[in-house]
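Peer 1: Structure for the following, please:
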Amino acid sequence: MAGRLKDFLPTFVVIVAAFLVVFWLSNYVESAKPKLPESFKDTDLVLQGKKLKGYALGSEGMLADWYWMMALQYIGGENADSPQEQIDIGDLRNLNPRLLYPYLDSATDLDPSFFAAYSYGAIVLPAIDADKAIALTEKGIRNNPDKWRLHQYLGYIYWQMKNFEKAAETYEAGSQVAGAAPFMKEMAAQMRSKGGSRDVARAMFRQILESSEDEQSKRSAQLKLWGLDAEDEITAINETLTSAKAANGCPVKLSDVYSQLANIDLPNGGDFRIDKDKGLVDPTGVPYRFDASSCSVELGPESRLPKPLN
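Peer 2: Below is the predicted model of the structure:
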């Protein structure tokens, strides 16, 4: 027995020593590891849709749905993890959602006719990477040449980039697809004449609100429509404040000009809103911020409406 223990002792010592060395090396590597930039917090998308296509034994549709759900949850998770209290839906680059395009690309590789994935990418991706938004939507057009709405979404992307001539060409091309709505040709003309106007923006977002197949895109379009309404209201309020200031000095509070505002016809046919505390609020119910020093109003700090387009 003693002999066997004597024979085992050197092996035991080697094992313990090796364990201690591994423990020390692990701590050293962890402490010496350089701090990686935020862009590396996501793991790469190893299982790409194009690699799975043909090997899914008829389950391509189900896998496409899985990638689609991951894309929807991904933006929500990035939003929740952001240190910012308010997220500008017009510019999501600060969230660094670098896996959104691979998820949508994989979903549409597995199901080339996945219209909701194309439309969602066209709405959200421009706020992250306009080139990838164009690539995904052009892919949709190639795979679904009979879907005129994909031209509508591509035109929207070019409009957001303020490339109004390219947007006009895209709407014109879409108007040639069988069954295309008449507004496609109308939008082509408007892009060339007043592409940067609020009227065109409002028409654009209304169309997206009516045609989108996913709730996220609909909510985004609705917020942008409310944002346009808020821009019209802010313009009217500030013009009223400027006139009041010229006549009698800047009002002490916004309620001093409510009677003047009641006589204003807003461009979209809407009305100003007063909350239960008699405050002037934006379309989402958040009070406008009144700055007496500049005698002007702007969106309140709690507002989630997008920043002005112009």
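Peer 1: how about low-confidence regions in the chain?
Peer 2: For the chain, applying pLDDT under 70 flags the ranges 1-59, 74-97, 307-310.
Peer 1: domain ranges for it?
Peer 2: 49-222, 231-298 (automatic domain parsing).
Peer 1: Mind putting the ones you listed into TSV with distance to Arg304 and mean neighbour count?
Peer 2: C-betas here are computed from N, CA, C, even on glycine. As requested, the domains of the chain are exported to TSV (distance: least, C-beta to C-beta, whole Å; neighbours: other C-beta atoms under 10 Å):
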stretch	distance to Arg304	mean neighbour count
domain 49-222	6	18
domain 231-298	7	15
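Peer 1: Throw those into CSV and include distance to Pro306, thanks.
Peer 2: What follows is those, written out as CSV (distance: least, C-beta to C-beta, whole Å):
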stretch, distance to Pro306
domain 49-222, 4
domain 231-298, 10
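Peer 1: Nearest to Leu305, out of those?
Peer 2: Across the domains of the chain, Leu305 has its closest neighbour in domain 231-298 (6.2 Å, C-beta to C-beta).
Peer 1: ok now that closest one, how far from the chain's centre?
Peer 2: Between the centre of domain 231-298 and the centre of its chain there are 29 Å (C-alpha atoms, centre = their mean, to the nearest Å).
Peer 1: Please apply the same query to stretch 152-172.
Peer 2: 18 Å.
Peer 1: now swap in stretch 170-183 and tell me
Peer 2: The chain centre lies 26 Å from the centre of stretch 170-183; the measure is C-alpha atoms, centre = their mean.
Peer 1: And for stretch 217-232?
Peer 2: Computed by C-alpha atoms, centre = their mean, the chain-centroid distance of stretch 217-232 equals 13 Å.
Peer 1: Touching it from outside, list them.
Peer 2: The list of residues contacting stretch 217-232 from outside it, by C-beta atoms under 8 Å, 6 or more residues apart in numbering, reads 89-90, 119-120, 123-124, 198, 201-202, 205-206, 208-209, 212, 266-268, 270, 282-284, 299, 303-309.
Peer 1: go again using 6 Å as the cut-off
Peer 2: 89, 119-120, 123, 198, 201-202, 205, 208-209, 212, 266-268, 270, 282-284, 305-306, 308 (C-beta atoms under 6 Å, 6 or more residues apart in numbering).
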